[in-house]
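1. Could you look at this predicted model? Sequence included:
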Amino acid sequence: KNWLIVFMGSFVFCTIIEYLTGLYLETIKHHKWWDYSNMPFNIDGRIFLLGSIFFGIMGLVGIYVFAPRIKELLYKFDFKKVTIFSLAVFCIFIMCLLQINR
């Protein structure tokens with residue numbers, strides 16, 4: 001219910017994930033998928049301030065715009081059917097994931 005906490009949480013969490021993903025890709029996989037070196041307020045070219053602000057804004061949009069609409073939509077369906085559908089999609093995802101790693 002506090003928009004500032006949602007913004008800061010999204011800002012910090014997503015920025016950390018982006019930085020760690022970039023670090024992992026560069027050090028372990030030897031790939032560089034993005035480079036923010038030319039952007040102001042960047043750290044090692046992996047993250048930059050405007051991107052982090054965007055993450056914070058999108059966190060607000062996700063929580064206050066999309067989540068209530070999705071919740072409202074889900075309440076229109078039978079709980080058992082939603083659960084079965086979700087489990088089926090999850091199982092398909094796991095099977096695809098296992099196929100990729102072969």
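-> It's in.
2. List the contacts of the residue most central in space within the chain.
-> Closest to where the C-alpha atoms of the chain average out (Cα atoms, centre = their mean) is Cys14, at 6.8 Å. By Cβ atoms under 8 Å, 6 or more residues apart in numbering, Cys14 lies in contact with 52, 55-56, 59. For glycine as for every other residue, the C-beta is placed from the backbone atoms N, C-alpha and C.
3. List the buried residues of the longest helix along the chain.
-> The single longest helix within the chain, with elements called by DSSP state H, is helix 3-27. Neighbour counts over helix 3-27 (16 or more other Cβ atoms under 10 Å) mark 6-7, 10-11, 14-15, 18, 22, 26 as buried.
4. how distant is stretch 65-82 from the center of its chain?
-> Computed by Cα atoms, centre = their mean, to the nearest Å, the chain-centroid distance of stretch 65-82 equals 20 Å.
5. And it, end to end?
-> 21 Å (Cα to Cα, to the nearest Å).
6. so which of the contacts of Cys14 is the most crowded?
-> Within the contacts of Cys14, neighbour counts (other Cβ atoms under 10 Å) peak at Gly56, which reaches 22 neighbours.
7. got a list of what it touches?
-> 7-8, 10-11, 14.
8. any idea which of the residues you listed is the one closest to His30?
-> The nearest member of the contacts of Gly56 to His30, counting by Cβ to Cβ, is Cys14 at 24.2 Å.
9. Average pLDDT for stretch 69-86, rounded please.
-> Stretch 69-86 carries an average pLDDT of 90.
10. chain center to stretch 92-102, what's the gap?
-> The answer for stretch 92-102 is 21 Å, by Cα atoms, centre = their mean.
11. so for it, what's the average pLDDT?
-> 83.
12. what do you get for stretch 38-56?
-> So the average pLDDT for stretch 38-56 ends up being 96.
13. what's the helix or strand containing Ser86 in contact with?
-> Secondary structure assigned from DSSP states H and E places Ser86 in helix 79-100. The contact list for helix 79-100, computed with Cβ under 8 Å, 6+ apart, reads Leu74.
14. Let's see that with 10 Å instead.
-> 74-78 (Cβ atoms under 10 Å, 6 or more residues apart in numbering).
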